[in-house]
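> I would like the atomic coordinates for the input below:
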Amino acid sequence: MKRAALYIRVSTQEQALEGYSIDAQRDKLISFCSLKDWSIEDIYVDGGFSGTNMDRPQLQRLLSSLKNIDIILVYKLDRLSRSQKDILYLVEEKFLANNINFVSIMESFDTSSAFGKAMIGILAVFAQLERETIIERTKLGKERRAKEGHWNGGPAPIGYDLIDGKLIINEFEAIQIRKAFDLYRNHGQNKTAEILNEMGYKTKYGNWKGRSISRILSNPIYIGMVHYKDDIFRGNHKAIISEKEFNNIQEIIKSRSRPRRTNSKYLLGGLMWCGYCGARLKASFSTTGKKGKRFYYYVCYSVSKAPLHMVKDPDCKGHYWNMYDLEKIVLDQVKKYKFDRNKFIDEYHSSYNNTQINGFKEVNILENKVLNIQKQIDKLMTLFQLDKIPFDHISQRIGALYKEKHTLEEIIKKHLSNQNHRDSQIPLNTLLTIFNCFNLIWGEATIDEKKLILNKLIKKIVITDSVKIEWNI
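I've put the predicted structure just below:
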């Protein structure tokens, strides 16, 4: 009597398909052996494993037991593998090389006949063709979904929950996303993550890490877009960050990735734009004469012709500016600038009030989350009192909820504390004194302090044949 080994495989998706379940395959294989009067040496079942590779525990166990087998029986060829290369390797190098015949019920052939040996190669080709067709259809389907603005699967990004296949803003995490973008303006990604953790924030995936910040800052999902391969499409979900803020952060990321000049003596770096072509102005120097005297200057990227991706107009009519001459022009305008004191005070208070309003919105979201957690705790306690839930289970769940509630309450306290003392950290009178005593402060400031002062006062400097300053005040 011939000894048969039955091999059964189902992938996760195939479990539910008729005729592919483990029990269905087992019943058919056992019945087939009974008709052929074969004894069953063993049954090998790989449940939930793909047929695209041979990294399957029961297949490997089968290969290690070939000396006790005369026939290997499967329900269908693709149960053994969906790879042409793997099928031919298994049948020719493992089974036939050890005088073991391979039989597939559905294809009605076995390798003990010449026809069966010929058919094995043909059917292996079709098994792989089917797999590649499925992959191609899946790719086309994902691309179409992306073009229609749908999320293409996978865990929901921080800031969103995945509900019925759609991305819905998680207000608590959205607060953290906005703070991450805001903090990055003055800090690196690791420091931003550290500050968020110190503030008590936590996402559905745990504590913040620097690499999480890095991924978030460059992810267009937060401006309402979806990404598929190298393309970006308008999504169906709501944005958390405005496109203007997102693009501004991308500029900051690019600028920080460029090599930086230490102890730079250029005061206006990063503030200047060419009024002719719209490109930025860069600071540089050239060496002249035998003694290597340096000439420091500012020039727009279009005029300098490098780097190419920064050039806006190769024919720009801008020109080189002597560093000292241009800085003197700007400083003269700063010293002569007369701001409307009353208007400044009104704008200061308006900005402060907007910050307060946004702060209270965040507090309101956090308080609602605390209220929801308390409702969950109350519900669990009710279930316990009605003997609907065991004590050890309820104790663990309530403990986790109380811990989350305490964390949120601490964040709320910090928010309220910051709002109550925000105006005392930089008093209005102090700001007015700085502006009124600019010459004195400028004379005592270091190079880095001077740069900081100019960045606070000036929004943008537009350079043509003249110099126009756009103020922050």
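
> isn't residue 77 right next to residue 86, touching?
No: if you go by CB atoms under 8 Å, residue 77 and residue 86 don't touch, sitting 11.4 Å apart. The C-beta positions use only the backbone N, C-alpha and C, and glycine is treated the same way.

> More neighbours: which of these two?
residue 77 (23 against 19; other CB atoms under 10 Å).

> Look at that one and report its pLDDT.
Note for residue 77: predicted pLDDT of 84.

> ok, now how distant is it from residue 101?
Using CB to CB, to the nearest Å, we find residue 77 at a distance of 14 Å from residue 101.

> now residue 364
As judged by CB to CB, residue 364 and residue 101 stand 73 Å apart.

> So for the two, which residue has more residues nearby?
residue 101 (20 against 12).

> what's near enough to touch the more buried one?
70, 71, 72, 95, 110, 111, 112 (CB atoms under 8 Å, 6 or more residues apart in numbering).

> and the residue lying closest to residue 288 once chain neighbours are set aside, bridged to which residues?
Distances taken as CB to CB, 6 or more residues apart in numbering place residue 295 nearest to residue 288, at 5.8 Å, with adjacent residues excluded. Judged by DSSP bridges, the bridge partners of residue 295 are residue 286.

> Just the helices from the stretch 351-473 of the chain, written as ranges.
For the stretch 351-473 of the chain, the helices defined by DSSP state H, counting those that start in this stretch occupy 391-425, 428-436, 438-444, 447-457.

> which secondary structure elements does the third one contact?
The helices and strands touching helix 438-444, judged by 3 or more CB pairs under 8 Å, 6 or more residues apart in numbering; DSSP states H and E, are helix 323-336, helix 447-457.

> nearest residue to residue 250 other than its sequence neighbours?
Excluding the flanking residues, the one nearest residue 250 by CB to CB, 6+ apart is residue 218, at 7.1 Å.

> so how far is residue 79 from the one you found?
43 Å.

> Also residue 269?
From residue 269 to residue 79 the distance is 66 Å (CB to CB).

> again with residue 307
Distance, residue 307 to residue 79, by CB to CB: 57 Å.

> Look at those two and report which has more neighbours.
Set residue 307 next to residue 79 and count neighbours by other CB under 10 Å: residue 79 wins out with 22 against 10.

> In contact with that one, which residues?
7, 8, 9, 25, 51.

> what about 10 Å?
7-10, 14, 20, 25, 29, 46, 51, 104-106, 127 (CB atoms under 10 Å, 6 or more residues apart in numbering).

> what about it, distance to residue 401?
The value you get for residue 79 to residue 401, if CB to CB is used, is 47 Å.

> so where do the strands sit in the stretch 101-250 of the chain?
101-104, 109-110, 160-163, 166-169, 225-228, 231-234 (DSSP state E, counting those that start in this stretch).

> buried residues in the last one?
Going back to what we said before, that points to strand 231-234. Using 16 or more other CB atoms under 10 Å as the test for burial, strand 231-234 gives residue 233.

> and residue 299, what element?
For residue 299, the host element (DSSP states H and E) is strand 293-300.

> What distance do you get for the residue nearest to residue 450 when sequence neighbours are not counted to residue 158?
Nearest residue to residue 450, sequence neighbours excluded (CB to CB, 6+ apart): residue 267, at 5.9 Å. According to CB to CB, residue 267 and residue 158 sit 39 Å apart.

> what ranges do the helices span in the stretch 101-250 of the chain?
114-147, 171-184, 189-198, 210-217, 243-257.

> which of the ones you listed has the lowest average pLDDT?
Mean pLDDT values for these show the minimum at helix 114-147, a mean of 68.

> In terms of pLDDT, where does residue 281 sit?
As predicted, residue 281 sits at a pLDDT of 93.
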